[in-house]
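A.B. asks: take this sequence and fold it.
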Amino acid sequence: MKNILTIFLISILAFGCSKNDFENTNLHLEFDKETYQSNDNFELTIRIVPIEAEKTIRLYKNLNNIEISFLSKSEQLGFHQELKKRFIEGPSFTGDDSEYIDEFTISKKKPFEKKLLGTISESENEIIFEISDLKIKDKIDKTDLLENPNILIKGNCRTVYGIEGKSFETKEIKVVVE
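C.D. replies: A predicted model of the protein is given here:
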């Protein structure tokens, strides 16, 4: 009996954890403008569109499975966002994860869209990008932006029960520093 129960639990975890909600989707980042000044606010729209048919995706209510990083051209080879401390949970034994996870059915005509507000601020030596809803605070050296004002925005969206996920299409904006 113990062997059957063990096999049952392992198969639940294996099949539940291996599902990639973002397989067969396109992930886009869209900004309200292409060029910003330091001390500007910005609006970032996260858009998830299925490639073919209707699809169900799951996101943490606190959006903890979405990671975004702002990089200067000189940093573009790295993904420097400080990783958040995370505990990856498996599927709930009761089957009810609604307290922590939202489930969305998306289609080409009705993709998932989430608008986030962010700020660009300035310190003595750095430009700071902050999105409070995602708990992101990235800093770029001002001298990098004086040489090249282009900023790359990279990110990914992980499935709620594992490490699999998919990357957003890289987006580029300009930040003019005086």
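
A.B. asks: only C-alpha atoms for contact and neighbour calcs from this point on.
C.D. replies: Noted.

A.B. asks: list the contacts of the residue most central in space within the chain.
C.D. replies: By CA atoms, centre = their mean, the chain has its centre lying nearest to Ile66, at 2.5 Å. With contact taken as CA atoms under 8 Å, 6 or more residues apart in numbering, Ile66 is in contact with Leu134, Gly155, Asn156, Cys157, Arg158.

A.B. asks: please report the distance of it from Ser38.
C.D. replies: When distance is defined by CA to CA, to the nearest Å, Ile66 is 25 Å away from Ser38.

A.B. asks: and if you look at Ile153?
C.D. replies: Taking CA to CA as the measure, Ile153 falls 16 Å from Ser38.

A.B. asks: which of the contacts of Ile66 sits closest to Lys109?
C.D. replies: Taking CA to CA as the measure, Lys109 sits nearest to Cys157 out of the contacts of Ile66, at 20.9 Å.

A.B. asks: kindly state the beta-bridge partners for the closest one.
C.D. replies: Here Cys157 sits in beta bridges with Ile66, Lys166, as judged by DSSP bridges.

A.B. asks: okay but it is in contact with Leu134, surely?
C.D. replies: No - counting by CA atoms under 8 Å, Cys157 does not reach Leu134; the two are 12.0 Å apart.

A.B. asks: shared neighbours of the two, which are they?
C.D. replies: Counting by CA under 8 Å, 6+ apart, the contacts common to Cys157 and Leu134 are Ile66, Glu67.

A.B. asks: now do the contacts for the closest residue to Thr119 other than its chain neighbours.
C.D. replies: Nearest in space to Thr119, with sequence neighbours left out and distances taken as CA to CA, 6 or more residues apart in numbering, is Asn41 at 4.4 Å. Asn41 makes contact with Leu117, Gly118, Thr119, Ile120, according to CA under 8 Å, 6+ apart.
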